[in-house]
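Novice: got a predicted model here, sequence first, then my questions.
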Amino acid sequence: MSMPRMTSGGAHKYKVLVADAVDQAGIDILKSIAEVDVKTKQPEDALIQMIGDYDAMMVRSATTVTAKIIEAGKKLKIIARAGVGVDNVDIKAATERGVFVVNSPSGNTIAAAEHTLAMMFASARLIPAADASVRGHKWERASFMGRQLNGKVLGIVGLGQVGGHVAKVAREVGMRLVGYDPYVNEARAASMHVELLPLEDLLKEVDFLTLHIPLIPATKHLLNAEKLAMMKPTARIINCARGGVIDESALSDALKAGKLGGAALDVFEVEKAFPEDHPLLHCPNIVLTPHLGASTVEAQVNVAVDVAQQIRDCLLGHLPDSAVNIPGLRASELADMKELLDLASIMGQIASQTLIGAIEKVTCTLEGDYAAVTSHPLMLAATKGALSPNSAVPINFVNVSQIAERNRILMSVAKESQRQKPRIRVKV
């Protein structure tokens, strides 16, 4: 499935590979500026062979973008994940090559939050088991005594956009909210009507626990046997975030021993059809779904359109708005600084060409009114300009910090607000 590549006179000079099934709305956006090939279910070797022809790549969760694929993508400028999690993309390898990695941080927020809530209700009222009983020609009302959510304590680990929406709905249900998130301050938590607690204290108190955190080394098996033992024997766990943040073996043991009231899982350590002897299949009071958190018609349109727009913007020379490998720099916030960023980059380039010897330090000095401007992007722009003339790889906002660090080049900003005239100086 491809669009004929055109040449000059309204031509498309870019090529985009869509490696997983995405909504047509996103593909239509890409076709306005690029030749688009949709080639799904490709093994790594095949992707390595073909990626060299493409300027951009879009995936969902099925395709893993490895370092080898990125290395083979000599023209690759951006990898877009149509969804939130980017653990299937080698971000370090992409950053080293100056390739943007973008996601859609809010495109499936509502879908994921609603699935979390659905799983919590299903677990509390034993709905899947009751449904199976009726379909088995039984009528066992006494066997399915559930629990109300009203008045119960809900613990939310991860108070980002999904966790925040879960909190909003759960509060209306009448639940008391406690949370754990090392990156959220008291004021932000209070605005969501969430009481912040240390993780161990939270686990001891909650009736329901929902997780909304990424899978990183620090969160691998965050809920292990020791943590699960802290919880009430009636507590129920919901995980619609990432498999691997719960030790599935420990969870299975706790459920079978009656040390937990139940669990509802949408994500797993290995996401494929379970073998007959998978421990979770034989646990009591457990609800299992095959990673459906983002599986709504609306969410799939949202994420496809979001990342397609970012690919388009990147290929047309603009910064994408949700690049995960340039944290702290958002296109929407830098638009007004474009002229200053371009100026700092040019000045860095000129300064480096007057230098005899290797660059050891790049200093960007902001004077007068410019001293009040956000300085970090200007420092990066100046360094990018200084390093570009002698670099074997393209340097941009993605990899400039990494390249500077690798070459032991210090980056600094000086501010002289007392100066009357606004001015930028770059020294190498």
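Specialist: On my side now, so go ahead.

Novice: what domains does the record give for the chain?
Specialist: 14-107+297-325, 109-288, 333-427 (automatic domain parsing).

Novice: and among these, the most buried is which?
Specialist: Of all the domains of the chain, domain 14-107+297-325 carries the top mean neighbour count, a mean of 20, counting by mean count of other C-beta atoms under 10 Å. Placement of C-beta: from N, CA and C, glycine included.

Novice: can you give me the end-to-end distance of that domain?
Specialist: 22 Å (C-alpha to C-alpha, to the nearest Å).

Novice: for the chain, which element, helix or strand, carries the lowest mean pLDDT?
Specialist: The weakest-scoring helix or strand in the chain, judged by mean pLDDT, DSSP states H and E, is helix 331-334 (a mean of 65).

Novice: what's the longest helix seen in the chain packed up against?
Specialist: Counting by DSSP state H, the longest helix found in the chain is helix 297-315. Judged by 3 or more C-beta pairs under 8 Å, 6 or more residues apart in numbering; DSSP states H and E, the packing partners of helix 297-315 are helix 24-31, strand 34-38, strand 56-59, strand 78-81, strand 100-102, helix 109-124.

Novice: possible to save the ones you listed as CSV with mean pLDDT and distance to D277?
Specialist: Shown next, in CSV, are the helices and strands packed on helix 297-315 (pLDDT from 0 to 100; distance: least, C-beta to C-beta, whole Å):
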stretch, mean pLDDT, distance to D277
helix 24-31, 96, 40
strand 34-38, 96, 37
strand 56-59, 98, 32
strand 78-81, 96, 33
strand 100-102, 94, 37
helix 109-124, 97, 24
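
Novice: with adjacent residues omitted, what lies nearest to I110?
Specialist: Distance criterion C-beta to C-beta, 6 or more residues apart in numbering; nearest residue to I110, sequence neighbours excluded, is H165 at 6.4 Å.

Novice: which residues sit in contact with P233?
Specialist: 258-261 (C-beta atoms under 8 Å, 6 or more residues apart in numbering).

Novice: show me where the stretch 101-250 of the chain has helices.
Specialist: Using DSSP state H, counting those that start in this stretch, the helices of the stretch 101-250 of the chain run over residues 109-124, 127-135, 161-173, 186-191, 199-205, 225-228, 248-256.

Novice: I'd like the ones you listed laid out as TSV, including distance to A80.
Specialist: Below are those laid out as TSV (distance: least, C-beta to C-beta, whole Å):
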stretch	distance to A80
helix 109-124	18
helix 127-135	35
helix 161-173	19
helix 186-191	29
helix 199-205	33
helix 225-228	35
helix 248-256	30
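
Novice: mind checking which of the ones you listed is nearest Q349?
Specialist: helix 161-173 (38.9 Å; C-beta to C-beta).

Novice: what angle separates that closest one from helix 109-124?
Specialist: Inter-element angle recorded for helix 161-173 and helix 109-124: 50 degrees (by axes from the mean of the first three to the mean of the last three C-alpha atoms, to 10 degrees).

Novice: for helix 161-173, packing partners?
Specialist: Counting by 3+ C-beta pairs under 8 Å, 6+ apart, helix 161-173 packs on helix 109-124, strand 153-157, strand 176-180.

Novice: how does it look with 10 Å?
Specialist: helix 109-124, strand 153-157, strand 176-180, helix 186-191, strand 208-211 (3 or more C-beta pairs under 10 Å, 6 or more residues apart in numbering; DSSP states H and E).

Novice: can you pull the phi/psi pair for the residue lying closest to E416 once chain neighbours are set aside?
Specialist: Sequence neighbours aside, E367 is the residue nearest to E416 in space, at 4.6 Å (criterion: C-beta to C-beta, 6+ apart). With angles defined as degrees, to the nearest 10, E367 sits at phi -120, psi 150.

Novice: that older thread, now the longest helix of the chain and helix 109-124, what's the angle there?
Specialist: 150 degrees.

Novice: I'd like the average pLDDT over helix 297-315.
Specialist: If you average the pLDDT over helix 297-315, you get 95.

Novice: pull the CA atoms of that helix into CSV?
Specialist: Taking Å, rounded to 0.1, in the frame of the first residue of the first chain, the C-alpha atoms of helix 297-315 are listed here in CSV:
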residue,chain,number,x,y,z
VAL,A,297,-12.3,4.1,18.0
GLU,A,298,-11.8,7.6,19.3
ALA,A,299,-8.4,6.9,20.9
GLN,A,300,-7.0,5.3,17.7
VAL,A,301,-8.0,8.3,15.7
ASN,A,302,-6.6,10.7,18.2
VAL,A,303,-3.2,9.1,18.5
ALA,A,304,-2.8,8.5,14.7
VAL,A,305,-3.6,12.2,14.0
ASP,A,306,-1.4,13.5,16.8
VAL,A,307,1.8,11.7,15.8
ALA,A,308,1.1,12.2,12.0
GLN,A,309,1.0,15.9,12.6
GLN,A,310,4.3,15.7,14.5
ILE,A,311,5.9,13.8,11.7
ARG,A,312,4.6,16.3,9.2
ASP,A,313,5.9,19.2,11.3
CYS,A,314,9.3,17.6,11.8
LEU,A,315,9.8,16.8,8.1
